[in-house]
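Undergrad: sequence? don't have it. structure:
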């Protein structure tokens, strides 16, 4: 298995676990206000409903995948500040106040399938290519692992902490909120 195939499989595994968990939630759980995982040291409290967070994670997959592809192919990236990410998240939450659970999970799965196909097309050289500017110390592979895959892991940790009282630590991925 190539590195790109293994990375795509990791992406699919992470999001499949998340999607399966989301499918198991009751309507009341779906509408529960979430809070950050107790051991997350970065970012603000979620302050969004579980369903809104799930929709946010699914909707951002193409954007994070495109950023990784751009690094992998040596294309420039427009920087995104934490304030810009917070504003985008607030706009998303204002527009998607009560996303449908089944539609959200289907969108998440579809976006991950397309992102995985894109990752599988990358060569080892692509995966090793460093970013520029604030991401100059990251390779495309690191962005995929830390941000694209990490985004679901981080938010799933917050949701589980809210609904299950989990105490396992999950570090917020740099560049994903």
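TA: That came through, no problem. If you're wondering where the values come from, they're calculated on a predicted model, not measured in any experiment. Numbering: from 1, shown residues only.

Undergrad: how close does the residue nearest to residue 92 when sequence neighbours are not counted sit to residue 73?
TA: In this structure, residue 92 finds its nearest non-sequential neighbour in residue 56, 5.4 Å apart by CB to CB, 6 or more residues apart in numbering. For glycine as for every other residue, the C-beta is placed from the backbone atoms N, C-alpha and C. Taking CB to CB, to the nearest Å as the measure, residue 56 falls 26 Å from residue 73.

Undergrad: then residue 155?
TA: In this view, residue 155 and residue 73 are 27 Å apart by CB to CB.

Undergrad: who has more neighbours out of the two?
TA: Each of residue 155 and residue 73 has its neighbours counted (other CB atoms under 10 Å); residue 155 has more, 27 against 11.

Undergrad: correct me, but the more buried one touches residue 55?
TA: No - the pair residue 155 / residue 55 is not scored as a contact, 10.7 Å apart, by CB atoms under 8 Å.

Undergrad: now the residue nearest the centre of the chain: which helix or strand?
TA: When CA atoms, centre = their mean is applied to the chain, the residue found nearest the centroid is residue 151 (2.9 Å). Assigned by DSSP states H and E, residue 151 belongs to helix 150-164.

Undergrad: buried ones in that helix, by neighbour count?
TA: By neighbour count on 16 or more other CB atoms under 10 Å, the buried set for helix 150-164 is 150-163.
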